[in-house]
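> Here is my input, please return the structure:
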Amino acid sequence: MRKQYQILALTLLLTIFSACAGSKATGTSGNAKTSGAKTVAAGAKKSRTEDLSAYRPKVAAVPENLTASASVMPTHHVNEKVASLLDTVANANKNIKYAQGYRILAYTGNDRKTAFDLRKAIIGQMPEERDYLTYVQPTFKLKIGDFYSRMEANQALQQIRNIVPNASIIAEQVNVNRPR
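Sure, this is the predicted structure:
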């Protein structure tokens, strides 16, 4: 068995060496076209180069008297089409009243007086935010704001943290506020 491995290894080595010895470098050397080839100083052996100028694209020179101030007039105007499409989109967006967003859940409980007191305190702290007080028997829920991102809701939550320490952010459908 060992002898078979030795024969196999010897055959493999002979194949590799014979493949390397038979290969020949490609390129031109010593031609009349490449007579200007550089020589290597150590062995005075000519380096192999190829002339690729036949494959390079030919480009005509640009005349110097050509001016760059020639104006180009568009032939296909789409401004009117784009304007009409944008008007259509704007009208469709005017009809949108709700979007997915976030609100702050400030209170959930059965006590009406506590819900109204918290509402008054939060409105005093943040008068620009809208509040939503709902009653589903027997529970009052006080929600604050219409926020489109969680980051906005978190900033508002930090403002009322001293009033309602256990308030939380909830995902909910919010009203889209339109400037009046």
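> What separation do you get for residue 4 and residue 12?
13 Å (CB to CB, to the nearest Å). C-beta: built from backbone N, CA, C; applies to glycine.
> ignore the last one, residue 172
Applying CB to CB to residue 172 and residue 12 gives a distance of 73 Å.
> between those two, who's got more neighbours?
residue 172 (15 against 10; other CB atoms under 10 Å).
> Assess the claim that that one and residue 141 are in contact.
No - using CB atoms under 8 Å, residue 172 is not in contact with residue 141, being 10.9 Å away.
> where exactly do the helices run in the protein?
2-22, 79-94, 112-125, 150-159 (DSSP state H).
> export these to a markdown table and tack on mean pLDDT and distance to residue 166?
Compiled in a markdown table, those are given as follows (pLDDT from 0 to 100; distance: least, CB to CB, whole Å):
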| stretch | mean pLDDT | distance to residue 166 |
| --- | --- | --- |
| helix 2-22 | 81 | 77 |
| helix 79-94 | 88 | 37 |
| helix 112-125 | 94 | 11 |
| helix 150-159 | 94 | 11 |
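> Figure out which of these is closest to residue 102.
Of all these, it is helix 150-159 that lies closest to residue 102, at 4.0 Å by CB to CB.
> Quick check, central residue of the chain?
residue 149 (19.3 Å; CA atoms, centre = their mean).
> what's near enough to touch that residue?
101-102 (CB atoms under 8 Å, 6 or more residues apart in numbering).
> Let me know the average pLDDT across the longest strand along the chain.
Assignment by DSSP state E gives strand 98-109 as the longest strand of the chain. For strand 98-109, mean pLDDT is 94.
> partners of it in the sheet?
Note on strand 98-109: by DSSP bridges, its sheet partners are strand 139-147 (antiparallel), strand 168-175 (antiparallel).
> now for the ones you listed, which one comes closest to residue 128?
Nearest to residue 128, of the strands paired with strand 98-109 and by CB to CB, is strand 139-147 at 9.2 Å.
> Give me the contacts around that closest one.
If you take CB under 8 Å, 6+ apart as the criterion, strand 139-147 is touched by 101-112, 115, 118-119, 122, 126, 129-135, 153, 156, 160, 167, 170, 172, 174-177.
> relative to helix 112-125, how tilted is it?
20 degrees (axes from the mean of the first three to the mean of the last three CA atoms, to 10 degrees).
> okay, the angle between strand 139-147 and helix 150-159?
Going by the same axes, to 10 degrees, strand 139-147 makes 120 degrees with helix 150-159.
> average pLDDT across strand 139-147?
95.
> Good, wrapping up.
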